[in-house]
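[1] Sharing a model that was predicted from the sequence below.
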Amino acid sequence: MTKLRNRVATERGTSLPAAALTLVALGLGGCASAQGGPVERVDAIQASAEVPEAELLDVGIEVFADGVDPEWDQAILNEKGVFPDIRKAEGRYFAILLKRTLESTGHWGAVRVVPKLAEGVDLTISGEIVESNGKRLAIRVLAVDARGREWLDREYKAEADTLAYVMHQERAQAARRGESSPAAAGKQLDPYQSLYNRIANDLLDERRDIDTGEVHEIRRTSELRFAADLAPQAFSSHLSRDGKGRYGVERLPAEGDPMLARVARIRQRDYFFVDTLNDHYANFFERMDPPYDEWRLYSFEEQLALDEIRRKSKLHKILGGVLAVGGLILGDGDSYGESTIKDAAVIGGVALIADGVRRGREAAIHEAALMELATSLEGDVEPMLIDVEGRTLRLSGSAETQFETWRLLLREAFESETGLPVDPNTGRPVPVASTPEG
């Protein structure tokens with residue numbers, strides 16, 4: 001019995017440090033993985049020659065959804081590190097970055113950001129922010145053409161390219177000194193540019209899989225969908241729609257159809273409005289860019305600190321628990337050495353637990369610092385003045401409000417040109433009732 005007791009005591013005395021060392025090794029491994037390896041940079045594929053206009057598809061990019069569940073309370077938002085005000089601004093910022101990326105490739109026609117998807121666009125793209133914290137970005141992207149055929153439905157993830165943050169710091173430091181830097185002279189790199197490039201390349205892969213006939217079909221369908229939205233009684237019969245929401249062209253309007261000509265003129269006005277709205281989005285982007293760069297850089301550093309603190313806090317609590325429990329398991333040692341080992345284990349374990357709690361409090365301080373930055377970014381587009389049929393109208397409120405108001409004005413303009421009545425409740429033309437025969 002004595003030999004067995006001594007053996008158990010010996011095994012307990014030697015196994016605790018081994019367990020602790022194992023946990024430390026796991027912790028260090030976690031630290032290495034948290035930092036991540038080198039970021040893979042992906043370039044957007046550029047057009048090798050000018051694409052004929054008839055082969056280009058116009059693209060509408062909806063402002064990305066913020067991904068914030070309205071049921072989340074402040075505690076959940078804090079836990080997830082989500083700031084609704086910043087997410088709202090990011091939804092616009094990311095959509096503009098994707099727009100600029102697609103435009104830079106030369107593979108597409110007009111690329112426009114819209115507050116809400118509407119009829120009459122060759123290819124529509126919507127997205128939702130899954131994660132965004134300066135260190136990591138994840139976006140869910142859905143792309144559908146005017147026929148209702150899905151091109152993309154996938155989640156894109158990326159770790160921040162730290163070179164972008166280094167360049168940002170260099171530019172900021174040079175600006176404070178009143179100097180220019182090599183980084184300022186070159187093209188500004190977004191920390192997640194490779195993510196947008198991957199989206200652009202995937203869209204191009206899908207575009208290359210369709211032939212010229214399909215491109216023309218998409219363009220005809222988007223034209224007729226816009227017409228049917230304005231005048232369903234005149235154009236809805238030109239389209240079919242199956243159970244999967246896919247559209248097909250049943251017949252084309254007669255050549256020189258005056259109603260279609262009116263629709264085409266209104267569509268040009270719609271382009272003008274959305275282009276004007278995109279000028280405001282561009283201004284918003286430029287205003288947001290400097291403070292957002294600062295926020296992302298700070299958030300990147302904060303996220304690194306949070307990841308490290310949380311890792312160490314968890315590790316220290318585990319180690320503290322192991323050592324404290326191990327010290328209690330040793331029981332009342334018969335010798336001075338055993339008693340010393342037990343006391344050291346308990347004291348060391350409690351100290352590690354206390355350190356873990358302290359680090360958890362530090363994490364809360366970092367999170368609070370991030371929340372203070374959430375009020376520095378603007379959200380709404382400035383009021384817009386626009387001419388409609390010789391009348392100068394002022395659209396105010398958010399971009400979404402202005403867009404909805406504009407759509408009503410379009411339908412009113414269509415009514416004035418065609419004499420078709422418009423439902424005052426919906427702003428849509430009223431279908432003409434058929435007269436019974438006989």
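    Arrived safely.

[2] show me where pLDDT drops low in the chain?
    Along the chain, segments meeting pLDDT under 70 span 1-38, 180-188, 306-307, 309-384, 386-391, 393, 417-438.

[3] residue boundaries of the strands in it?
    59-62, 111-114, 123-132, 136-145, 150-159, 239-241, 247-249, 384-388, 391-395 (DSSP state E).

[4] So for the fifth one, what gets flagged as buried?
    Residues of strand 150-159 classed as buried: 151, 152, 156, 158, 159 (neighbour count, 16 or more other Cβ atoms under 10 Å). For every residue, glycine as well, the C-beta is placed using N, CA and C.

[5] Tell me which residues touch the closest residue in space to residue 128 that isn't next to it in sequence, please.
    Leaving aside its chain neighbours, residue 128 sits nearest to residue 65 (4.1 Å; criterion: Cβ to Cβ, 6 or more residues apart in numbering). If you count contacts by Cβ atoms under 8 Å, 6 or more residues apart in numbering, residue 65 has them with 91, 126, 127, 128, 129.

[6] how about a cut-off of 7 Å?
    91, 128, 129 (Cβ atoms under 7 Å, 6 or more residues apart in numbering).

[7] can you check residue 126 too?
    Residue 126 touches 62, 117, 142, counting by Cβ under 7 Å, 6+ apart.

[8] For the second one, give its distance to residue 215.
    Same thing as residue 117. Residue 117 is 20 Å from residue 215, where distance means Cβ to Cβ, to the nearest Å.

[9] who's more crowded, those two?
    Per other Cβ atoms under 10 Å, whichever of residue 117 and residue 215 has more neighbours is residue 215, with 17 against 14.

[10] pretty sure the more buried one contacts residue 56?
    No: using Cβ atoms under 7 Å, residue 215 is not in contact with residue 56; the gap is 8.3 Å.

[11] what number of residues lie near residue 40?
    Residue 40 has 10 neighbours, counted by other Cβ under 10 Å.

[12] Pull the contacting residues for the nearest residue to it once chain neighbours are set aside.
    In this structure, residue 40 finds its nearest non-sequential neighbour in residue 194, 6.8 Å apart by Cβ to Cβ, 6+ apart. If you count contacts by Cβ under 7 Å, 6+ apart, residue 194 has them with 40, 41, 42, 158, 161.

[13] and which of those is nearest residue 410?
    Nearest to residue 410 among the contacts of residue 194 is residue 158, at 38.4 Å by Cβ to Cβ.

[14] Now for the closest residue to that closest one other than its chain neighbours: which residues touch it?
    Distances taken as Cβ to Cβ, 6+ apart place residue 195 nearest to residue 158, at 4.1 Å, with adjacent residues excluded. Counting by Cβ under 7 Å, 6+ apart, residue 195 touches 137, 156, 158.

[15] Number of residues surrounding residue 144?
    Neighbour tally, residue 144, other Cβ under 10 Å: 19.

[16] which residues does it bridge with?
    Using DSSP bridges, the beta-bridge partners of residue 144 come out as residue 124, residue 150.

[17] ok, it to residue 132 distance?
    Residue 144 sits 24 Å away from residue 132, taking Cβ to Cβ as the criterion.

[18] And for residue 308?
    20 Å.

[19] Phi, psi for residue 396 please.
    Backbone torsions of residue 396, given as degrees, to the nearest 10, read phi -130, psi 170.

[20] Serialize the contacts of residue 195 to CSV and add fields for distance to residue 250.
    Written out in CSV, the entries for the contacts of residue 195 read as follows (distance: Cβ to Cβ, whole Å):
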residue, distance to residue 250
137, 43
156, 37
158, 43
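
[21] Can you tell me which of these lies closest to residue 385?
    For these, the minimum distance to residue 385 (Cβ to Cβ) is 35.7 Å, reached by residue 137.

[22] mind listing what that closest one touches?
    By Cβ under 7 Å, 6+ apart, residue 137 lies in contact with 131, 158, 192, 195.

[23] Spell out which residues sit in contact with residue 92, please.
    63, 281, 284.

[24] From the contacts of residue 65, pick the one nearest residue 110.
    residue 91 (21.0 Å).

[25] what separates that closest one from residue 288, distance-wise?
    Distance check for residue 91 against residue 288: by Cβ to Cβ, it reads 11 Å.

[26] out of those two, which sits in the more crowded spot?
    More crowded of residue 91 and residue 288, by other Cβ under 10 Å: residue 91, with 24 against 21.

[27] if I read this right, that one contacts residue 63, doesn't it?
    Yes: counting by Cβ under 7 Å, residue 91 sits close enough to residue 63 to count as a contact (5.0 Å).
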